[in-house]
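Peer 1: model this:
(one chain, ligands or ions: 1)
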Amino acid sequence: MAYIQFLGAAGTVTGSKHLINTNSDTTGKTGFQTLIDCGMFQGPKEWRERNWQNTPIPASEIDAVVLTHAHLDHCGWIPRLVKEGFRGPIYATPATIDLCGILLPDSGHLQEEDAYYYNKQKKSKHDPALPLYTLEEAQECLQYFRPLPPETNKQLCPELSFRFVRAAHILGSSMVELTLQTKGVSRRLLFTGDVGRVRNQGIAPGKVVHSGPTEGETADILVMESTYGNRQHPTDDPRPALAALIRQTAERGGSVVVPAFAVERTQKFVFMLKELIESGQIPRIPVFCDSPMAIQAVEIFMKHTEEYSDETRRLINQYGSPLEWPGFTFASTPEESKKINDSKYPCIIVSSSGMVTGGRIQHHLAQRLPDPRNTIIFIGFQAQGTRGFTIKSGASEVKIFGEIVPIRAQIAAFEQFSDHADTPELLQWLRTFRQKPKTTYLVHGDPAASAQLRDTMSNELGWNVKVAQWMEKVPIS
Ligand SMILES: [Zn+2]
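Peer 2: The predicted structure follows:
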C-alpha cells in the first residue's frame, strides 16, 4: 500500500520533508518515491543536529522532489540531498526557482562562514567543523530544478500526478495537489506548504503577492501546516500607528531601524513606506535598504508580475521599480553600507538579518541603539535566544560584535506583517473545501500549536485530524 512518511516539520516548525511512496509491498521493490519539500531544520540544537542525518532511504532512490516555496525551512536541505546522491528533477514554480537561486547559495555561504568561525574559535566538538554544504554545492544543485507554472498538470509516474495551486504565502509559493491512482482507485492528496493570509489588505496590509489561498479544494488526505494553530494575529491596520512612530522619530531628529529578512519582508515594508510617503502620512526622509540580496530580490519581484496583489500592481504602474524610486537607496557593496552609517539626518534603514543573528543590521543597531532619539521597529517573528528577541523584550543592553551596546532607543513591534494564516484564517479557508478530507495530518507547528489546532478543527469542523509524528508512516488508503 502507498504511504506518506513525515521526515521533518513534525513536532517542530522547520525541516519540512514528506516522502510519498506509491508502493510499499514487501517484495523488496519500492514504488515511485517523491519528496514534498526538502527543508533544513533550524532553531534548537536537538533539531539542527538532524540536518546531519541521512534520509531513511538512500537519497539516490528518491525519484523526484516537489517544492512548495523558497523558504529555507522548506528548501534549505536540497543541496545536502544532492550531495548525498539525489539526481532527479526538483519541480517548483518559476518564481520559487528564481528565489532559490539567491537563497540557497547564500545559505551555503553562511554555512561556510559559521564553520570558519567555529574553527577559529575552536568552539566545535567536531574537528574541524564542516559546513552542511558549501556555496559551490548549493549552486550545483540548481541544475536539477525544473519550472512548472501553477495550475499545470505534471505526470510523475504512471500512478502519480500533481499540480501547483496558489498558497498566497510568499512570491512563488504553492500548495501541491497530487492524484494517486492504483488498482483502479483514485485518491487526492493536498500538501499545503505554508498557507498565506486570507484576510484582505486592510488588515494584512502591504502584501506584495495576492492574498487568499486557492478555495474550493478537495482532498482525501490533507497535510497542513499549523504554525499559528494556537495564535491569532492582531486585526487592526498597523499603518496609522507605524506612520505616527516614524513621524515622531523624525521630528526629534532620530532615525528608524527595521530588521527584516531580505526577501519578501523587505519588499513588503518598502512598498508600504512608499505608500505612506506618497500619501503624506510620513515625511519624505531617505530610505536605505541595506542587504546584498535586496537588489536581486527586487529584480525577481519585478519579473513575476503574475504574482502581484492589485495594490502592488497599482503601485508599480504608478511609481515603477523600487530600485528607481527617488529617495530610496539599495546598498549592495560594503562601502555603500558604510555610507549609511555616516547619515546623521533622520532616515529609515531596512536591513537584514531579520532576527539580528548576523548581517549588516548589526552595524546599524550597534551605532543607533544607544541614542534615545532613534526607534527600532520589529516587523517579524523573533525566536528566543536571538539578539532581536533580547532587544524586543526590553533588555537594557545587548552584545553585538563582542561589545556591550546600551539600548536607549525606542523599541516597537508590529505583529500584523506575518505571511502565515492564523487560526481563524485557516478555518475560514478550510470551510471552502468541497468535502471533508478523510484524514488531516498537521505538520509544521510546535506541539502545543498543532494539538490546539487539531482540537479546534475537530470541534468546529467535525474533521478527523491527527498531529503527524516525526518519522511516522501513514497509509494512503
Ligand atoms: Zn514559508
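Peer 1: only C-alpha atoms for contact and neighbour calcs from this point on.
Peer 2: Will do.
Peer 1: which residues touch the lowest-mean-pLDDT helix or strand in the chain?
Peer 2: The helix or strand of the chain with the poorest confidence is helix 45-48; it has a mean of 83 (mean pLDDT, DSSP states H and E). Residues outside helix 45-48 that contact it (CA atoms under 8 Å, 6 or more residues apart in numbering): 40-42.
Peer 1: Dump those to TSV, plus secondary structure, pLDDT and distance to A412.
Peer 2: Shown next, in TSV, are the contacts of helix 45-48 (DSSP: H, G, I helix; E, B strand; the rest coil; pLDDT from 0 to 100; distance: CA to CA, whole Å):
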residue	secondary structure	pLDDT	distance to A412
M40	coil	93	30
F41	coil	90	29
Q42	coil	82	26
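Peer 1: between those residues, which is nearest I170?
Peer 2: M40 (17.8 Å; CA to CA).
Peer 1: wait, isn't the closest one in contact with H71?
Peer 2: No - with contact defined as CA atoms under 8 Å, M40 and H71 do not form a contacting pair (9.4 Å).
Peer 1: Those two - which one has more neighbours?
Peer 2: M40 (24 against 20; other CA atoms under 10 Å).
Peer 1: Show the contacting residues for the more buried one.
Peer 2: 14-16, 48, 51, 72-77.
Peer 1: So among those, where is pLDDT lowest?
Peer 2: Lowest in pLDDT among the contacts of M40 is R48, which has 84.
Peer 1: how many neighbours does it have?
Peer 2: R48: 15 neighbours (other CA under 10 Å).
Peer 1: gap between it and A448?
Peer 2: Plainly put, R48 is 20 Å away from A448 if you go by CA to CA, to the nearest Å.
Peer 1: wait, isn't W429 in contact with V198?
Peer 2: Yes - if you go by CA under 8 Å, W429 and V198 touch, sitting 7.2 Å apart.
Peer 1: Show me the shaky parts of the chain.
Peer 2: 24-29, 122-126, 200-208 (pLDDT under 70).
Peer 1: Work out which residue lies at the spatial centre of it.
Peer 2: H71 (3.8 Å; CA atoms, centre = their mean).
Peer 1: Beyond the helix ranked longest in the chain, next helix or strand please.
Peer 2: Longest helix of the chain, by residue count under DSSP state H: helix 94-121. Using DSSP states H and E, the helix or strand that directly follows helix 94-121 along the chain is helix 135-141.
Peer 1: what separates that next one from the chain centre, distance-wise?
Peer 2: 20 Å (CA atoms, centre = their mean, to the nearest Å).
Peer 1: Check which helices and strands that helix sits against.
Peer 2: helix 78-83, helix 94-121 (3 or more CA pairs under 8 Å, 6 or more residues apart in numbering; DSSP states H and E).
Peer 1: Format the ones you listed as a markdown table; extra columns: mean neighbour count and distance to Q143.
Peer 2: Converted to a markdown table, the helices and strands packed on helix 135-141 look like this (neighbours: other CA atoms under 10 Å; distance: least, CA to CA, whole Å):
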| stretch | mean neighbour count | distance to Q143 |
| --- | --- | --- |
| helix 78-83 | 22 | 10 |
| helix 94-121 | 19 | 10 |
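Peer 1: for the ones you listed, which one sits closest to M302?
Peer 2: Closest among the helices and strands packed on helix 135-141, using CA to CA: helix 94-121, at 10.6 Å.
Peer 1: chain center to that closest one: distance?
Peer 2: 15 Å.
Peer 1: need the contact list for L369.
Peer 2: 376, 405-409.
Peer 1: Who wins on neighbours among these?
Peer 2: I376 (24 neighbours).
Peer 1: quick one, phi psi at it?
Peer 2: phi -110, psi 130 (degrees, to the nearest 10).
Peer 1: For it, which residues count as its bridge partners?
Peer 2: V257, I411 (DSSP bridges).
Peer 1: Am I right that it is in contact with A412?
Peer 2: Yes - when contacts are counted by CA under 8 Å, I376 is listed as touching A412 (6.2 Å).
Peer 1: all strands for the stretch 351-477 of the chain, in order.
Peer 2: 375-378, 397-400, 403-406, 410-413, 439-443, 465-467, 473-475 (DSSP state E, counting those that start in this stretch).
Peer 1: Can I get the longest one in CSV? Just the C-alpha atoms.
Peer 2: Coordinates of each C-alpha in strand 439-443 appear next as CSV, following Å, rounded to 0.1, in the frame of the first residue of the first chain:
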residue,chain,number,x,y,z
THR,A,439,-7.8,12.4,7.4
THR,A,440,-5.9,15.6,8.0
TYR,A,441,-2.4,15.4,9.3
LEU,A,442,-1.0,18.6,10.9
VAL,A,443,2.7,19.4,10.4
